[in-house]
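**Student:** Quick check, what structure comes out for this input:
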Amino acid sequence: MNKKQIIKSLSEFGLREEEAKLYLATLTLNRATVLQLARESEIKRTTVYSLLEGLIQKGLISQEVGGARKRYTAEDPDKLIELLKHRQESLQEILPELSALQSLHGGESLIKYYQGLESIKGVYEGLIKDVRPGNDYFVISDQAQWLKHDPKFFEDFSRRRGRLDVNIRLLLVNNATSCAYQKRERELNVKIKLLPKGTTLRTNLVVTPQKVVIHQLIPPLFALVIENKSIIQMQSEYFKILWERI
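**Tutor:** Numbering: from 1, shown residues only. Predicted structure coming up:
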């Protein structure tokens, strides 16, 4: 299937033609600037900016934070299935070719920025996709604030996470929601401790061996995903110190 056919297929799945061109260009280039994307997609640079915002909201592209220039990375093409569930069967036909275009370079330190609830939900899906058996999965959170944005999704996420063979520990703000979750430790395969009464949090912190996620729980909703070994190690040690002292 050539590029023109892929763009046509993506357009049929709900993306505008220019969005499809830009998404394909981002997959092809990997970590590209707006100017590079404009050249590859043959779309005016001023138009690229607005298209990028829409694709970030849909969770298909992420923005890296750091350095003199903003760079954009295409997310795993599998996320298209989550976005367009009703067309899953047809989408499977082009996913292999999209995946083949994606250039992922290991060993780099990255900070990615995600905006909007759907994009953030994709971050959490990535967490349980990347985590490996025996890994630590540490969380500091206000469970009530975390759940309220999409109770059905996050409850289902908790159950699916609990089925993994990982060491899940949660440090939660002391409120009724957290106390109810603490009673479900065995069901959800987690260990939970409550933070001192009066603790308030506006962000959710998740630490795994693969990444650190900082998710703002109040509007505007956004998440930072940090992939840096030193920062991951430091946050993991901080969590362990807190866990032992509570």
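**Student:** What are the buried residues along the strand or helix carrying Ile241?
**Tutor:** Per DSSP states H and E: Ile241 is located in helix 229-245. By 16 or more other Cβ atoms under 10 Å, the buried positions in helix 229-245 come out as Ile232, Gln235, Ser236, Phe239. For the C-beta atoms, the positions are set from N, CA and C on the backbone; glycine is no exception.
**Student:** Greatest separation within those residues: which pair is it?
**Tutor:** Between any two of these, the greatest separation by Cβ to Cβ is 10.7 Å, found for Ile232 and Phe239.
**Student:** Overlap of the contact sets of the two?
**Tutor:** Residues touching both Ile232 and Phe239 by Cβ atoms under 8 Å, 6 or more residues apart in numbering: Val207.
**Student:** any chance you could map the strands in this protein?
**Tutor:** Ranges of strands within the chain are 61-64, 71-74, 110-115, 136-141, 167-172, 190-194, 203-207, 212-216, 222-227, based on DSSP state E.
**Student:** what sits up against the last one?
**Tutor:** It stands for strand 222-227. In contact with strand 222-227 (Cβ under 8 Å, 6+ apart) are residues 62, 65, 108-116, 119-120, 123, 126, 210-216, 232.
**Student:** gap between that strand and the chain center?
**Tutor:** A distance of 8 Å separates the C-alpha centroid of strand 222-227 from that of its chain, computed with Cα atoms, centre = their mean, to the nearest Å.
**Student:** ok and that strand relative to strand 110-115, angle-wise?
**Tutor:** Orientation note: strand 222-227 sits at an angle of 160 degrees relative to strand 110-115 (axes from the mean of the first three to the mean of the last three Cα atoms, to 10 degrees).
**Student:** One more: the fifth one?
**Tutor:** For strand 167-172 and strand 110-115, the angle between their directions (the same axes, to 10 degrees) works out to 50 degrees.
**Student:** any idea of the mean pLDDT in strand 167-172?
**Tutor:** Mean pLDDT, strand 167-172: 98.
**Student:** So in the protein, where's the weakest helix or strand by average pLDDT?
**Tutor:** The helix or strand of the chain with the poorest confidence is helix 88-91; it has a mean of 50 (mean pLDDT, DSSP states H and E).
**Student:** buried set for stretch 195-212?
**Tutor:** Under 16+ other Cβ under 10 Å, the buried positions of stretch 195-212 are Leu195, Leu201, Thr203, Asn204, Leu205, Val206, Val207, Thr208, Pro209, Gln210, Lys211, Val212.
**Student:** Which single one of the residues you listed is nearest to Arg16?
**Tutor:** Arg16 has its nearest neighbour among those in Lys211, at 31.0 Å by Cβ to Cβ.
**Student:** OK, contacts around that closest one?
**Tutor:** Leu127, Asp130, Val225, Ile226, Glu227, Ile232.
**Student:** For the chain, which segments are assigned as helices?
**Tutor:** Using DSSP state H, the helices found in the chain span residues 3-12, 17-29, 34-41, 45-57, 79-83, 88-91, 95-101, 117-130, 143-148, 151-162, 176-182, 185-188, 229-245.
**Student:** what residue ranges in the protein score low on pLDDT?
**Tutor:** By pLDDT under 70, the weakly predicted segments of the chain are 1, 12-14, 66-68, 80-109.
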